[in-house]
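In: Give me a 3D structure for the following:
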Amino acid sequence: SKSQTEKRLIVIMDTTEYEKLLQAAIRFVSYRPRSEKEIRDFLKKKLKKWKVFGAAAVDKVIARLTELGYVDDAKFAAWWVEQRQTFNPKGKRLIAHELKAKGVGLDDVNIAVDEVEAARQAVQKKLSLWEKLPSLEQKKKIYAFLGRRGFDGETIGSIIDEIAGKE
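Out: Residues are numbered from 1 along each chain as shown. Next up, the predicted model:
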């Protein structure tokens, strides 16, 4: 005898389920580039929501998206790094951590970030908030802020020296 959950699970056999899954995936990647892991997780969630079982269908959809050029972890990683540099500058270490969480292996990643420039850009917005603070307090704030953003000590030190030199 089959359990209740086994009875509820339906194996994807017909093409309409595959088409629905493919359309959902294309809609998902239309907003922004996605890593293969993000797409897989999304598809599995869709199947669970529909109470359908079909790991083979997920693989089939991923294969089709790869043919169409929507699944490319190297391109995704390059896009992610560019977004980080432009809108929310972070250090290499934190960007690598974010990409790993998105399922992108480090062999797909060439994180070409000018750490000092990114740190300078990140701290620029905060300097006006901290300008009235005593010098030591200001340096502590900068160090903590940039540290949380994944910049290494050497980079943070050069930014602090740069700012201290302006005083």
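
In: where in the protein is pLDDT low?
Out: For the chain, residues meeting the criterion pLDDT under 70 lie at 1-15, 107-112, 166-167.

In: Show me the strands in it, by range?
Out: Secondary structure of the chain (DSSP state E): strands at 10-11, 52-53.

In: which helices and strands sit right next to the last one?
Out: So that's strand 52-53. In terms of contacts (3 or more Cβ pairs under 8 Å, 6 or more residues apart in numbering; DSSP states H and E), strand 52-53 is packed against strand 10-11. No exception for glycine: its C-beta is placed from N, CA and C like everyone else's.

In: do that again at 10 Å, thanks
Out: helix 4-8, strand 10-11, helix 15-31 (3 or more Cβ pairs under 10 Å, 6 or more residues apart in numbering; DSSP states H and E).

In: in its sheet, what does that strand sit against?
Out: Strand 52-53 pairs in its sheet with strand 10-11 (parallel), by DSSP bridges.

In: Can you get me a residue count around the residue nearest to residue 115 when sequence neighbours are not counted?
Out: Once flanking residues are discounted, residue 115 sits nearest to residue 155: 4.5 Å by Cβ to Cβ, 6 or more residues apart in numbering. For residue 155, the count of nearby residues is 20 (other Cβ atoms under 10 Å).

In: got the contact list for residue 155?
Out: 91-92, 114-120, 146 (Cβ atoms under 10 Å, 6 or more residues apart in numbering).

In: of all those residues, which two lie farthest apart?
Out: Using Cβ to Cβ, these span at most 15.0 Å, a distance reached by 92 and 120.
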